[in-house]
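Trainee: What would the 3D arrangement of this be:
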Amino acid sequence: MTIVLGGGISGLSAAYYAANNARNSAVILLEASSRVGGWIQSKTSPTGAIFEQGPRTIRPVGLAGKNTLNLVEDLQLSNKLIHIGQSHPATRNRLIYADEALHLLPASLKGIFKTISLLDRPLINYLWTDLKAPKISKEDDSIYNFVQRRLGQDIADNIISPIICGICAGDARKISVNFLFKSLFEAEQKYGSIVKGILANRLKKVFSKSKDTVKENNAANLHLTLADIAEKERWALWGLEGGLEQLPQALANNLRERGVKIQTKAKCEKLTFKSNHIELLINGNIQECSRVISSLPAKNLAELVQEQHPTLSAELEVIPTVTVGVVNFEFQGDVLPLQAFGFLVPPKENLPLLGVIFDSCVFPHKSSTVLTVMMGGAWFEKYFGPNPSEEQLLTTAIDHTKNILCIEEEPVAYNVAVLKDCIPQHVVGHTQRIKRIHDYISAHHIPLRLCGSSYQGVGLNDVILSAKQAVCDIVQ
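Mentor: Residues are numbered from 1 along each chain as shown. Just a heads-up that it's a prediction; the model follows:
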């Protein structure tokens with residue numbers, strides 16, 4: 001029997017892939033709360049607008065992006081999928097709010113030859129800075145230090161730092177470049193320059209393209225998958241009509257139909273690994289299984305294994321998390337100064353906002369404007385203290401958003417949520433820590449595999465792929 005701990009998107013995905021590979025072995029999913037879906041939660045306003053408390057859009061690129069689209073297709077959700085292309089305003093228009101103004105980031109190759117309002121020279125000049133900067137051999141570094149060293153402080157402060165706020169609500173001065181921007185870091189370490197590394201990799205792709213063309217021609221007449229269509233049509237982002245929560249709901253329904261038992265309000269209090277089985281203490285009762293896949297946050301798993309494996313527990317416990325305040329607004333009519341994906345705020349602005357997403361620009365809703373304000377992150381307690389009230393978060397969000405976007409109207413609907421410890425922070429040394437964790441599990445022959453945002457990435461594509469890999473590893 002396989003037990004999956006955690007009923008968020010990674011746990012549900014792990015149970016799905018485990019059921020596919022079960023070979024007559026039972027699969028049980030245990031979730032401590034009263035619902036499955038984790039941080040993915042879609043709510044509906046009185047007018048039918050979708051308020052997303054967690055993820056809302058997904059990028060289809062790369063192996064992980066294709067894997068998620070394959071899952072969507074398998075779950076028969078293709079008819080609910082909505083997408084936008086590369087020319088859509090939400091794809092082309094990305095904004096940074098700094099020095100009391102909104103600044104548009106370059107959206108094409110031509111843009112790197114122009115001086116944008118955030119910087120004092122064209123982006124192409126910063127690439128020249130990279131070519132002149134000395135190579136420094138390191139095992140890891142913070143993203144901020146890396147970008148400052150290779151491209152300059154302006155880029156680190158005004159562009160990269162707010163982007164990191166958007167990716168993981170984190171501080172670029174702490175996040176690992178070897179983990180989050182691995183290819184750029186490896187370019188410096190191998191070639192001594194980001195630019196040289198990118199050019200070298202481009203040349204490799206050119207030489208391998210002729211082989212790929214033969215494969216493409218042979219496959220031209222075969223059935224196109226959803227991932228193939230996304231690549232062919234150059235999708236930029238996709239979502240689901242009615243909200244992204246339909247994905248975990250479809251997973252849960254699929255699992256129940258196939259006989260997978262999903263237990264909510266089932267809190268695991270301890271894991272004990274015996275010679276031929278595992279004992280789980282669930283709500284005070286012992287339950288046994290042959291293998292465990294944990295999608296729990298690393299800190300939570302650390303508590304469960306602390307007594308038997310204190311070394312493993314110590315490594316898991318130090319993976320930090322941040323809390324994000326999320327406020328969704330709906331305004332009557334179009335109140336936006338321009339159509340865009342939204343804007344991010346650099347930490348140097350000393351504002352409680354991480355950024356604002358223009359939801360109704362990405363996926364329009366009737367005649368209203370829907371916005372999502374993200375606040376706090378690595379600076380949550382600095383701005384809000386340990387236990388802010390809903391009114392405090394709402395007032396902060398509405399005041400700053402109306403001021404920045406010059407909105408005079410009051411919202412006709414809103415939703416406030418505090419997502420406590422929702423995003424793990426992959427800080428400097430994370431790659432080495434994850435290797436130590438996996439090495440320890442392997443060396444001690446523990447029938448335990450890990451998935452979820454604590455380990456291989458915080459994006460929805462990342463956690464789904466990590467679930468698939470965890471199942472492959474434990475089955476083998």
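
Trainee: Pull up the distance across stretch 314-321, start to finish.
Mentor: Distance between the two ends of stretch 314-321: 15 Å, counting by Cα to Cα, to the nearest Å.

Trainee: what residues does it touch?
Mentor: 297-299, 301-302, 305, 421-427, 430, 433, 436-437, 440, 454 (Cβ atoms under 8 Å, 6 or more residues apart in numbering). Where you see a C-beta, it was placed from the backbone N, CA and C, and this is true even at glycine.

Trainee: Mind giving me the PyMOL command for buried ones among those residues?
Mentor: Remark: buried members of the contacts of stretch 314-321, expressed as a PyMOL selection using 16 or more other Cβ atoms under 10 Å:
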select buried, resi 297+298+299+301+302+305+422+423+424+425+426+427+430+433+437+454
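
Trainee: So which of the contacts of stretch 314-321 are in helices?
Mentor: 298-299, 301-302, 305, 430, 433, 436-437, 440 (DSSP state H).

Trainee: And these, which is closest to K261?
Mentor: L301 (21.3 Å; Cβ to Cβ).

Trainee: shouldn't that closest one be in contact with V292?
Mentor: No - here L301 lies out of contact with V292, judged by Cβ atoms under 8 Å, at a distance of 9.7 Å.

Trainee: so how far is the helix or strand hosting L354 off the chain centroid?
Mentor: In this structure, L354 sits in strand 353-358 according to DSSP states H and E. Mean C-alpha position of strand 353-358 versus that of the full chain (Cα atoms, centre = their mean, to the nearest Å) differs by 15 Å.

Trainee: and it, what's its mean pLDDT?
Mentor: Here strand 353-358 scores 98 as its mean pLDDT.

Trainee: by contact count, what packs against that strand?
Mentor: For strand 353-358, the contact count by 3 or more Cβ pairs under 8 Å, 6 or more residues apart in numbering; DSSP states H and E identifies helix 161-168, strand 342-344, strand 368-377, helix 390-405 as packing neighbours.

Trainee: I'd like to know which of those lies nearest to S466.
Mentor: Using Cβ to Cβ, the helices and strands packed on strand 353-358 put helix 161-168 closest to S466, at 15.5 Å.

Trainee: angle of the closest one against strand 368-377?
Mentor: Relative orientation of helix 161-168 versus strand 368-377 (axes from the mean of the first three to the mean of the last three Cα atoms, to 10 degrees): 100 degrees.

Trainee: Mind listing the residues bridging to T323?
Mentor: Bridge pairing for T323 (DSSP bridges) gives the partners G377.

Trainee: State the helix or strand in which the spatially closest residue to I437 that is not a sequence neighbour lies.
Mentor: In space, and not counting its chain neighbours, I437 is closest to E315: 5.1 Å by Cβ to Cβ, 6 or more residues apart in numbering. Assigned by DSSP H and E, E315 belongs to helix 310-317.

Trainee: List the strands paired with the strand holding L354, with their directions.
Mentor: Strand pairing (DSSP bridges) places strand 353-358 next to strand 342-344 (antiparallel), strand 368-377 (antiparallel).

Trainee: just checking, what packs against the helix or strand just after it?
Mentor: Later in the chain than strand 353-358, the nearest helix or strand by DSSP H and E is helix 359-362. Counting contacts by 3+ Cβ pairs under 8 Å, 6+ apart, helix 359-362 packs against helix 89-92, strand 368-377.

Trainee: How far off centre is the last one?
Mentor: Think strand 368-377. 17 Å.

Trainee: Sort out which residues of whichever helix or strand comes after that strand are buried, please.
Mentor: Sequence order places helix 380-384 as the next helix or strand after strand 368-377, per DSSP H and E. For helix 380-384, a neighbour-count test (16+ other Cβ under 10 Å) marks 380, 383-384 as buried.

Trainee: now the helix or strand where G11 lies, how far from the centre of its chain.
Mentor: With secondary structure defined by DSSP H and E, G11 is part of helix 9-20. Helix 9-20 sits 18 Å away from the centroid of its parent chain (Cα atoms, centre = their mean).
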